[in-house]
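Participant: Okay, structure incoming, though there's no sequence with it:
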């Protein structure tokens, strides 16, 4: 079975999307890229995460061709593939429909430096302009808005996070959703205090060596 370990990770982290409250039903998608082979493993379209098996995971080439066609790939495969083509620092992508990230993106707002944990993604998280799901336009807008960052909000849609491995991509998605939640709550009470550019730069440097999951970790 091609990319057996990656398939198993996608099955595992697909379930975590649900149990962590990052999506509902069959929303969202996950992929992992094997740069040495030029192959992407991606979650299938429309299958319950708790019913998905490793052989349901779809394998696609660097050029977007389906190598293993037992199942139909996620409709957002171009949203994943563009990061593997254009960025060499991302080998895993997590796309969620998480509530608070989606709420901010529905307002057309990104996430400012409201919490030091935002620095896991960058100095802030931008919101990409709206584009229909599953389109090349959405992929292009997300890629542009995530420049120099590891997370982006998709207008009226959700969140995308990327990293060198699925463990960190998922962690970024999860923690940025938490930051979105606290920011939305704070905005409902008053005007949030934001951290300075200098503090965020300091945090970004610290996060390069602190608290990151190793590639072999699955927790």
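Facilitator: Right, received. Where do you want to start? Just so you know, these numbers come straight off a predicted model, no measurement behind them.
Participant: can we go C-alpha only for contacts and neighbour counts from here?
Facilitator: Fine.
Participant: Now do stretch 195-212, average pLDDT.
Facilitator: What stretch 195-212 shows for mean pLDDT is 88.
Participant: list the buried ones in it?
Facilitator: Going by neighbour count (16 or more other CA atoms under 10 Å), the buried part of stretch 195-212 is 200, 203-204.
Participant: How about stretch 39-59?
Facilitator: Here stretch 39-59 shows 39-49, 52-59 as buried, counting by 16+ other CA under 10 Å.
Participant: How far does that stretch stretch from one end to the other?
Facilitator: Length of stretch 39-59, first residue to last, CA to CA, to the nearest Å: 7 Å.
Participant: Begin at 661 from now on, thanks
Facilitator: That works, and once the first residue is 661, the last one we named lands at stretch 699-719.
Participant: if we can go back for a sec, which of the buried residues of stretch 855-872 lies closest to residue 796?
Facilitator: Of all these, residue 796 sits closest to residue 864, with 30.5 Å by CA to CA.
Participant: If I follow the layout properly, the closest one ends up in contact with residue 779?
Facilitator: Yes - using CA atoms under 8 Å, residue 864 is in contact with residue 779, at 5.0 Å.
Participant: can you give me the strands in this protein?
Facilitator: 689-694, 699-702, 718-721, 726-728, 752-756, 787-788, 811-814, 818-823 (DSSP state E).
Participant: hey, which of these is tucked in deepest?
Facilitator: Comparing the strands of the chain by mean neighbour count (mean count of other CA atoms under 10 Å), strand 811-814 ranks first with a mean of 32.
Participant: about what we covered before: same list (the buried residues of stretch 855-872) but as TSV, adding distance to residue 726.
Facilitator: Output for the buried residues of stretch 855-872, formatted as TSV (distance: CA to CA, whole Å):
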residue	distance to residue 726
860	41
863	40
864	37
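Participant: So which of these belong to helices?
Facilitator: Judged by DSSP state H, helices contain the following of those: 860, 863-864.
Participant: got any ranges where this structure has weak pLDDT?
Facilitator: Low-confidence segments of the chain (pLDDT under 70): 729, 870-879.
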